[in-house]
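Enquirer: Build me a model from this:
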Amino acid sequence: MRGARANVPVAASAVAYGSVLGVLASQKGLSWLEMMFMNTAVFAGAAQFVMVDMWSNHLPIFEMTLAVLVINLRYLLIGASLNPIFAGRGLLHKMGMMHLVADENWAVTMSEQRSGTASTWFLFGGGVFLYLAWSGGTLIGLLGGGFIAKPEAYALDFAFTAVFTALAVGLWRRKQDLLPWVVAGGAALLVHTFLPGKWYIVAGGLSGAITAMMRPCDGGDAEGDAEGEPEQGGACVSGN
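Expert: Residues are numbered from 1 along each chain as shown. As a prediction, this is how the structure comes out:
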């Protein structure tokens, strides 16, 4: 319940951009049953947008699978960052919990982890709540697709960007995050310019994580609390 309550603000945004996906799915002719199956089996917003965009009478299964794989490679980094709260848990527990990990409840859980009160059940509660909000939003958009013909006219397509901007601000920890964030942003922009597809997501995430990993621990800055203290294995805590 604590995890669900903590995710209420981001869940509201999930309803908004979920409705945009529903409108697009309606224009592609998906049924509500197909939409719900996709929500349950995939449960990854960016990947679902790509799947719906590629949807046709003759589904390009291989191309669609490859595109989704590239987009979701970021979950390798997300999973690694959640290792502390999954320590000592069994494989089935990890598999069940990780299926409900989305970018939003991951970010909220990482913020909670800084106070030492995060757990896999906190993550799970946020995931269930987000799944319900996301599914509700997609169904609203799907069933009312003809009512909102141009969601961009109401800036609903910007909700996805807005929520992640807000989450990023919440994870910012002053000067110690500056270098990894700049490197991640620069790498993502560079790859986006020269490579097609969604490889910029992977490039930004990996370059930022590697930069943070290689950054020497400095004992924390004057404005932080214990943020520069070494974690397990001597690595510094990072907001990436």
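
Enquirer: Confirm for me that V23 is in contact with G141.
Expert: Yes: the pair V23 / G141 is scored as a contact, 4.3 Å apart, by CB atoms under 8 Å. (Glycine included, C-beta is placed from N, CA and C.)

Enquirer: which residues of this protein fall in helices?
Expert: Under the criterion DSSP state H, the chain contains helices at 2-6, 8-28, 32-41, 45-53, 61-71, 74-81, 83-86, 91-98, 103-113, 120-143, 159-171, 178-194, 199-214.

Enquirer: want to throw those helices into CSV with mean pLDDT?
Expert: Formatted as CSV, the helices of the chain follow (pLDDT from 0 to 100):
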stretch, mean pLDDT
helix 2-6, 92
helix 8-28, 86
helix 32-41, 92
helix 45-53, 84
helix 61-71, 78
helix 74-81, 85
helix 83-86, 90
helix 91-98, 90
helix 103-113, 88
helix 120-143, 93
helix 159-171, 68
helix 178-194, 89
helix 199-214, 80
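
Enquirer: And those: which comes nearest A153?
Expert: Smallest distance to A153 across these (CB to CB): 11.4 Å, for helix 8-28.

Enquirer: Tell me which residue lies nearest the centroid of the protein.
Expert: For the chain, D103 is the residue whose C-alpha lies nearest the centre (CA atoms, centre = their mean; 1.9 Å).

Enquirer: Would you check how far apart that one and L30 are?
Expert: If you measure D103 against L30 using CB to CB, to the nearest Å, the figure is 23 Å.

Enquirer: What of H93?
Expert: From H93 across to L30, the span is 33 Å (CB to CB).

Enquirer: neighbour-wise, which of these two wins?
Expert: Taking neighbours as other CB atoms under 10 Å, H93 and L30 compare with L30 leading, 22 against 13.

Enquirer: surely the more buried one meets V52?
Expert: Yes: between L30 and V52 there is a contact at 7.1 Å, judged by CB under 8 Å.

Enquirer: Adding distance to A153, write the helices of the chain out as a markdown table.
Expert: Below are the helices of the chain laid out as a markdown table (distance: least, CB to CB, whole Å):
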| stretch | distance to A153 |
| --- | --- |
| helix 2-6 | 32 |
| helix 8-28 | 11 |
| helix 32-41 | 22 |
| helix 45-53 | 18 |
| helix 61-71 | 26 |
| helix 74-81 | 30 |
| helix 83-86 | 41 |
| helix 91-98 | 37 |
| helix 103-113 | 25 |
| helix 120-143 | 14 |
| helix 159-171 | 13 |
| helix 178-194 | 26 |
| helix 199-214 | 27 |
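
Enquirer: State the number of residues packed around N105.
Expert: Count around N105 with other CB under 10 Å applied: 28.

Enquirer: what sits against it?
Expert: By CB atoms under 8 Å, 6 or more residues apart in numbering, the contact set of N105 is 3, 7, 10, 123, 126-127, 129-130.

Enquirer: How much space separates it from V182?
Expert: N105 is 26 Å from V182, by CB to CB.
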